[in-house]
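*Asks:* Here is my input; please provide its structure:
(2 chains)
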Amino acid sequence: EAGVAQSPRYKIIEKRQSVAFWCNPISGHATLYWYQQILGQGPKLLIQFQNNGVVDDSQLPKDRFSAERLKGVDSTLKIQPAKLEDSAVYLCASSLSQDLYEQYFGPGTRLTVT
Amino acid sequence: AQKVTQAQTEISVVEKEDVTLDCVYETRDTTYYLFWYKQPPSGELVFLIRRNSFDEQNEISGRYSWNFQKSTSSFNFTITASQVVDSAVYFCALALYSSASKIIFGSGTRLSIRP
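*Replies:* Numbers count the residues shown, from 1 in each chain, chains lettered A, B, ... in the order given. Sure thing, here's the model as predicted:
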């Protein structure tokens, strides 16, 4: 079974630029999560989708971050404009449903903002 | 508010030693889940275990064991006879029944196993 795929694996941008990350969850998984993991910290949930609807985006900085999951499968997370403090690893995870707590994580995208 | 504390930032032991990773959690809810995840250098978080708040039985899985004590709000993780492949960052995490898919992670413990 293929795992959660993410791209790119690494991205370096200058502050005020825009960036987008892509995630392809495990086939059949209805729930998709985006986490931000700052160096030396645990992952922090940014947004959770159930199919193509948003379940929780309470910790998403909506002035600069946006995410979508239009067809209930792939998802993109965008930052526009990026700030230095956005430097982090962005992890995507998926689970069969929001009632099942075993989340499967992708390898992440390491973003460096200079 | 919920919180997970992993006071040990880094631990380094020699291969074959036993090592315990500490985890202390805070919540006023009586129903919750506790987790441990492993993050190897490749970056993916790997699920290790989930326990619910009603089940204080300790669990053993091969060289891994977990000690859950509600009286001290702790959920410690022990690796017996450690191996180099156990080197990783380990995260303890908490989720409430009421918002079970929202997992709150601790800051992690970096474990290095020296040959």
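
*Asks:* Spell out which residues of chain B are next to chain A.
*Replies:* B:4, B:33, B:35, B:42-47, B:50, B:91, B:93, B:95, B:99-103, B:105-108 (Cβ under 8 Å from any Cβ of the partner chain). Where you see a C-beta, it was placed from the backbone N, CA and C, and this is true even at glycine.

*Asks:* Most proximal residue of chain B with respect to chain A?
*Replies:* Nearest residue of chain B to chain A: residue B:105, at 2.9 Å (Cβ to the nearest Cβ).

*Asks:* I'd say that residue and residue B:91 touch.
*Replies:* Yes - assessed by Cβ atoms under 8 Å, residue B:105 is found in contact with residue B:91 at 5.0 Å.

*Asks:* Looking at those two, which one has more neighbours?
*Replies:* Per other Cβ atoms under 10 Å in any protein chain shown, whichever of residue B:105 and residue B:91 has more neighbours is residue B:91, with 26 against 22.

*Asks:* Got the phi and psi for that one?
*Replies:* phi -120, psi 130 (degrees, to the nearest 10).

*Asks:* What is the neighbour count of the residue in chain A positioned nearest to chain B?
*Replies:* For chain A, the residue positioned closest to chain B under Cβ to the nearest Cβ is residue A:42, at a distance of 2.9 Å. Using other Cβ under 10 Å, residue A:42 has 22 other residues around it.

*Asks:* Could you look up the SS state of it?
*Replies:* The three-state label given to residue A:42 by DSSP: H, G, I helix; E, B strand; the rest coil is coil.

*Asks:* can you pull the contacts of residue A:84?
*Replies:* By Cβ atoms under 8 Å, 6 or more residues apart in numbering or on different chains, the residues touching residue A:84 are A:15, A:113-114.

*Asks:* Check which element follows the one helix or strand in chain B whose mean pLDDT sits lowest along the chain.
*Replies:* Lowest mean confidence among the helices and strands of chain B (mean pLDDT, DSSP states H and E): strand B:59-61, at a mean of 88. Remark: after strand B:59-61, the chain's next helix or strand is strand B:64-69, criterion DSSP states H and E.
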